[in-house]
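Enquirer: Sequence unavailable; structure follows:
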């Protein structure tokens, strides 16, 4: 990535205490270290939050204290000569150190440097006289000004009143929910800034381009990690040896437990890698209870919901042209639990998954030794692969739609509960995408390196397209 501008676009996020300023900064900068509290007045000093890509700062947002005495501040502005930044600097110079104007002097410091203004208001409450005073103060700065209406709750909604009032004092008004804003919505907000800040128009165009390239890069790396998971999980094998035939059943159960534990660990590692790619550092984030990415991988309900249907399995395997690689799928397609039946201890469960081969029959000092090698895996089961893929897609969808401004374990429902209660995301893939993944599944048992590489490349391309489309959803935002 290369950025051609030398000055960093800087925007001060202003507003009344507890309106959502810190949440907006956290969301736009993708920095969940921003202190956010339900109590007003928590932010007492300006703090800059740089936006970096590949270690290079390309944009800067400044979290500021809330206005405390807007009417007194407006009175000062109205009774003193000068205009624009000269008046801002004069206000700070004259009132620095005075208790009445402590927060106002602090929040105006970035304005004195020429920072653009993002004014945040809570559209779920009515307009007050103090709000009008704040708008009038910001208008007198002469700086580029955007207002963001951030409804902290859905009802009541006074957005229409806010829009009418704000348009008299700022250059642009936008509705932006800091708790649900998608990547598309964040890019839209930056595009709107570009229209009001002509001095930084070129720089912001470069920023937007850098953001889009970085998002594509993250999606590509996510696709690679998911494909690696599928490859590793479906090729994973655990073995043990025993010379005691009476311990075979115990060893079988022990191996199955080891295998399932290994697969769970692989999945967890992949999900954590995805989380890190999207810069989430709050690792106690809980997925919504209704999400099938939050349930255990080998839970019966998970397989019932996320596994492909019998018709889908048979059709995909047939089109893949490699029935030998998916015989387990075809044999168990009549069961809703596919692989789970192999692992669940049902009669005959070990026949396909568990092999027990007598490998030694010799006499030593007149005694016969019988050594058994027990093995679990590899499990090249199309339904198993689709469940892993579905859970990874659901997890990715939650992560990219969990904005960095959310706190306190609030659950972002990136996939509506009524949908995930009955289906996953894989079920919505088009037939060609499903066939691509079935072909990848089949390729894992092939000895032809070229065929495996080609199938993997096709699966990566299909998955990259799916991830890109997920990032473009739910970009609801309106500008005025």
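Expert: In hand now; what should we look at? All values reported here derive from a predicted model rather than from experimental measurement.
Enquirer: average pLDDT across stretch 436-453?
Expert: Computed over stretch 436-453, the mean pLDDT rounds to 89.
Enquirer: for it, which positions count as buried?
Expert: 436-445, 452 (16 or more other C-beta atoms under 10 Å). All C-beta atoms are positioned from the backbone trio N, CA, C, and that covers glycine.
Enquirer: Tell me the span between the first and last residue of that stretch.
Expert: 13 Å (C-alpha to C-alpha, to the nearest Å).
Enquirer: Mind putting the buried residues of stretch 436-453 into JSON lines with distance to residue 173 and secondary structure?
Expert: What follows is the buried residues of stretch 436-453, written out as JSON lines (distance: C-beta to C-beta, whole Å; DSSP: H, G, I helix; E, B strand; the rest coil):
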{"residue": "436", "distance to residue 173": "44", "secondary structure": "helix"}
{"residue": "437", "distance to residue 173": "45", "secondary structure": "helix"}
{"residue": "438", "distance to residue 173": "49", "secondary structure": "helix"}
{"residue": "439", "distance to residue 173": "50", "secondary structure": "helix"}
{"residue": "440", "distance to residue 173": "48", "secondary structure": "helix"}
{"residue": "441", "distance to residue 173": "51", "secondary structure": "helix"}
{"residue": "442", "distance to residue 173": "54", "secondary structure": "helix"}
{"residue": "443", "distance to residue 173": "53", "secondary structure": "helix"}
{"residue": "444", "distance to residue 173": "54", "secondary structure": "coil"}
{"residue": "445", "distance to residue 173": "59", "secondary structure": "coil"}
{"residue": "452", "distance to residue 173": "54", "secondary structure": "helix"}
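Enquirer: so can I have CSV of those showing distance to residue 140?
Expert: Listed next are the buried residues of stretch 436-453 as CSV, based on distance: C-beta to C-beta, whole Å:
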residue, distance to residue 140
436, 59
437, 60
438, 65
439, 65
440, 62
441, 65
442, 69
443, 67
444, 67
445, 72
452, 67
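Enquirer: Quick check: the farthest pair among these?
Expert: Using C-beta to C-beta, the buried residues of stretch 436-453 reach their maximum pairwise distance at 436 and 445, which is 16.8 Å.
Enquirer: buried set for the helix ranked longest in the chain?
Expert: If you go by DSSP state H, the chain has its longest helix at helix 201-235. Residues 203-204, 206-208, 210-211, 215, 218-220, 222-223, 225-227, 229-231, 233-234 are the ones in helix 201-235 that count as buried (16+ other C-beta under 10 Å).
Enquirer: same question, stretch 235-242
Expert: 238, 242.
Enquirer: ok, now stretch 125-134?
Expert: Buried residues in stretch 125-134, counted by 16+ other C-beta under 10 Å: 125, 127, 131-134.
Enquirer: which residues are contacting it?
Expert: 14-16, 67, 70-71, 73-74, 119, 121, 156, 158, 161-162, 165 (C-beta atoms under 8 Å, 6 or more residues apart in numbering).
Enquirer: ok, now stretch 65-79?
Expert: Applying C-beta under 8 Å, 6+ apart, the contact partners of stretch 65-79 are 14-19, 21, 40-41, 43-46, 87, 91, 95, 100-104, 106-107, 129-130, 133-134, 136-137, 140.
Enquirer: Filter these down to the buried ones and hand me the ChimeraX line.
Expert: A single ChimeraX command selects the buried members of those (16+ other C-beta under 10 Å):
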select :14,15,16,18,19,21,43,46,87,91,95,101,102,103,104,106,107,133,134,136,137,140
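Enquirer: From the buried residues of stretch 436-453, pick the one nearest residue 179.
Expert: For these, the nearest to residue 179 is residue 437 (33.2 Å; C-beta to C-beta).
Enquirer: The closest one: what's its closest spatial neighbour, skipping adjacent residues?
Expert: Distances taken as C-beta to C-beta, 6 or more residues apart in numbering place residue 459 nearest to residue 437, at 5.9 Å, with adjacent residues excluded.
Enquirer: now the helix or strand hosting the one you found, how far from the chain's geometric center?
Expert: Per DSSP states H and E: residue 459 is located in helix 449-471. The chain centre lies 20 Å from the centre of helix 449-471; the measure is C-alpha atoms, centre = their mean, to the nearest Å.
Enquirer: list the helices and strands that helix packs on?
Expert: helix 201-235, helix 382-401, helix 431-443 (3 or more C-beta pairs under 8 Å, 6 or more residues apart in numbering; DSSP states H and E).
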